[in-house]
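just need the structure, nothing else, for what follows:
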Amino acid sequence: MSEDLVRLVALDVMARRGLKGELSVTFVGADEIHCLNRDFLGHDYETDCLTFDLADEGPDDLLGEVIVNIDQADREAGERGLDYEEELLRYVIHGVLHLAGEEDDTIEQRSRMNRLESEVLRRFR
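Modelled structure (predicted):
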């Protein structure tokens, strides 16, 4: 997947949410994301992506980091018959949406998050 595509997708989400600022996207394997999840969030398990909001300013100023699990994207894509790169982009979108204030703790929130992710992906097909 091209760096340009990742940048375009992330900027699309930020622009539609009225966010300006800086964002880092990093792709790592299962072991590394598991360690990061444990060390920084106290969750001793692997996850699809991690999002760190590093901003000190108001809600429209973004300074964040999204860390994407390439191994989980590969597994999920294979198990569900999806495109691997699209699954990676879904994780990037998911992380940026978290930085924009979206949550996914409840069934309703997860449903909304999935819908928002799909809307973004459709714009880039």
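
the bottom helix or strand of this structure by mean pLDDT?
One helix or strand of the chain scores below all others by mean pLDDT, DSSP states H and E: strand 61-69, with a mean of 92.

pLDDT wise, what is P59 at?
P59 is assigned 58 on the pLDDT scale.

give the pairing partners of the least confident helix or strand of the chain; include direction for each.
strand 20-28 (parallel), strand 49-53 (antiparallel) (DSSP bridges).

which residues does the residue positioned nearest the centre of the chain contact?
For the chain, the residue nearest the mean C-alpha position is G95 (2.5 Å; Cα atoms, centre = their mean). For G95, the contact set (Cβ atoms under 8 Å, 6 or more residues apart in numbering) comprises 25, 49-51, 64, 66-68. Every C-beta, even on glycine, is put in place using the N, C-alpha and C of the backbone.

ok, and the closest non-adjacent residue to it?
V66 (3.2 Å; Cβ to Cβ, 6 or more residues apart in numbering).

one more: M113?
D104 (4.6 Å).

can I assume the one you found sits in a helix?
No. Per DSSP: H, G, I helix; E, B strand; the rest coil, D104 lies outside any helix segment and is coil.

just confirm it contacts R115, I think it does.
No. Between D104 and R115 there is no contact under Cβ atoms under 8 Å: 11.5 Å.

and those two? Which one has more around it.
Applying other Cβ atoms under 10 Å to D104 and R115 shows that D104 carries more neighbours, namely 15 against 9.

now that one. Its backbone dihedrals?
phi -140, psi 40 (degrees, to the nearest 10).

try G81
The phi/psi pair for G81 (degrees, to the nearest 10) is phi 70, psi 40.

separation between it and E87?
According to Cβ to Cβ, to the nearest Å, G81 and E87 sit 11 Å apart.

report the contact partners of H34.
So H34 contacts 44-47 (Cβ under 8 Å, 6+ apart).

just to revisit the earlier point, quick one: which of G81 and E87 has more around it?
Comparing G81 with E87 by other Cβ under 10 Å, the one with more neighbours is E87, at 21 against 6.
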